[in-house]
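Enquirer: Build the 3D model from these lines:
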Amino acid sequence: MTDHRPNRRERIRRQTVAEIKATAMAQVREVGSELLSLNGVGRSMGMSTAALYRYFGSRDELIAELAVDVHLELADVLEAAAGRVASPAGRVRSVANAYRDWALANPHAYRLAYGPAHGADRAPVDDRVAPAAQRSMGVLLAVVTEGGQPSTEPVPPELARQIRVWSGGDRTDLPVEVLRFGLVWWSRLHGLISLELGAHLTATGIDPALLYQGEVDAMLAGLGHRYRATA
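Expert: Numbering: from 1, shown residues only. All right, here's what the predicted structure looks like:
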């Protein structure tokens with residue numbers, strides 16, 4: 001039998017990669033991905049920038065790797081939120097609230113995951129970013145499916161095709177109407193969170209939390225649920 005255990009050199013490389021990513025992520029959480037630099041990461045680790053390039057070919061490649069980790073972290077949070085509530089409507093609300101809570105607690109990580117800062121040179125991990133992001137969407141789609149039956153208004157054929165492509169073709173068990181419902185509501189919740197993080201709602205005098213909860217209520221109504229404070 002072939003021994004697939006990593007040798008010493010491979011273990012050291014993996015440890016170094018993990019340390020680089022942890023150091024970079026700490027900087028992202030503090031100042032945002034826009035200000036992340038390989039020079040800064042190297043200084044924090046006592047490593048030269050040239051040495052860092054032996055592990056990551058560019059800053060963009062490192063940022064894309066961090067985006068994968070952020071998406072997986074968020075998916076873990078949403079999965080835990082879905083598991084804490086028994087009722088289907090309660091799971092929808094729990095996941096939606098966990099999404100906002102995590103974003104507000106980790107604004108720079110949220111912007112890294114959903115902003116334009118991944119960089120143009122993310123090809124080495126591009127095939128990992130999308131599946132990582134789809135895990136979070138998968139949680140939302142699962143609770144939406146359990147939560148009720150969305151509107152059965154017909155989806156235009158071309159849009160239906162595009163939604164199937166977007167879903168990766170691996171959710172053939174779900175009607176395209178459910179997929180559209182999840183995509184539209186994720187877009188609405190994401191839009192409110194982005195406005196809140198950017199302080200764009202401050203001047204309106206409207207409480208972002210109340211506005212967000214109203215959207216969650218509307219989402220539940222779209223699934224056939226009347227608003228219940230305990231849902």
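
Enquirer: burial of the nearest residue to residue 164 once chain neighbours are set aside, as a residue count?
Expert: Nearest in space to residue 164, with sequence neighbours left out and distances taken as C-beta to C-beta, 6 or more residues apart in numbering, is residue 176 at 6.6 Å. In short, each C-beta sits where N, CA and C put it, glycine included. By the criterion of other C-beta atoms under 10 Å, residue 176 has 18 neighbours.

Enquirer: OK, contacts around residue 176?
Expert: Taking C-beta atoms under 8 Å, 6 or more residues apart in numbering as the contact definition, residue 176 lies against 155, 160, 163, 164.

Enquirer: and the gap between it and residue 165?
Expert: Computed as C-beta to C-beta, to the nearest Å, the residue 176 to residue 165 distance reads 11 Å.

Enquirer: Residue 211 too?
Expert: From residue 211 across to residue 165, the span is 32 Å (C-beta to C-beta).

Enquirer: Of these two, which one has the most company?
Expert: In this view residue 211 and residue 165 are compared by other C-beta under 10 Å, and residue 211 has more residues nearby, 14 against 9.

Enquirer: Surely residue 112 is in contact with residue 71?
Expert: No - applying C-beta atoms under 8 Å as the test, residue 112 and residue 71 come out as separate, 9.5 Å apart.

Enquirer: list the contacts for the closest residue to residue 27 other than its chain neighbours?
Expert: Sequence neighbours aside, residue 36 is the residue nearest to residue 27 in space, at 5.4 Å (criterion: C-beta to C-beta, 6+ apart). With contacts defined as C-beta under 8 Å, 6+ apart, residue 36 is in contact with 24, 27, 28, 59, 62, 63.

Enquirer: how far out from the middle of the chain is the lowest-mean-pLDDT helix or strand in the chain?
Expert: Among the secondary structure pieces of the chain, namely its helices and strands, helix 123-147 has the lowest mean (mean pLDDT, DSSP states H and E), a mean of 81. Mean C-alpha position of helix 123-147 versus that of the full chain (C-alpha atoms, centre = their mean, to the nearest Å) differs by 8 Å.

Enquirer: for stretch 136-151, same thing?
Expert: Relative to the centre of its chain, stretch 136-151 is centred 16 Å away, using C-alpha atoms, centre = their mean.

Enquirer: Next: stretch 177-194.
Expert: The answer for stretch 177-194 is 13 Å, by C-alpha atoms, centre = their mean.

Enquirer: Show me what counts as buried in it.
Expert: 177, 178, 179, 180, 181, 182, 183, 185, 186, 189, 192, 193 (16 or more other C-beta atoms under 10 Å).

Enquirer: thinking the third one is in contact with residue 163, fair?
Expert: If I follow you right, that is residue 179. Yes - the pair formed by residue 179 and residue 163 meets the contact definition of C-beta under 8 Å, at 5.0 Å.

Enquirer: So for the helix or strand hosting residue 9, what gets flagged as buried?
Expert: Here residue 9, judged by DSSP states H and E, is contained in helix 8-31. By neighbour count, and taking 16+ other C-beta under 10 Å as the criterion, the buried residues in helix 8-31 are 16, 20, 21, 23, 24, 25, 27, 28, 29.
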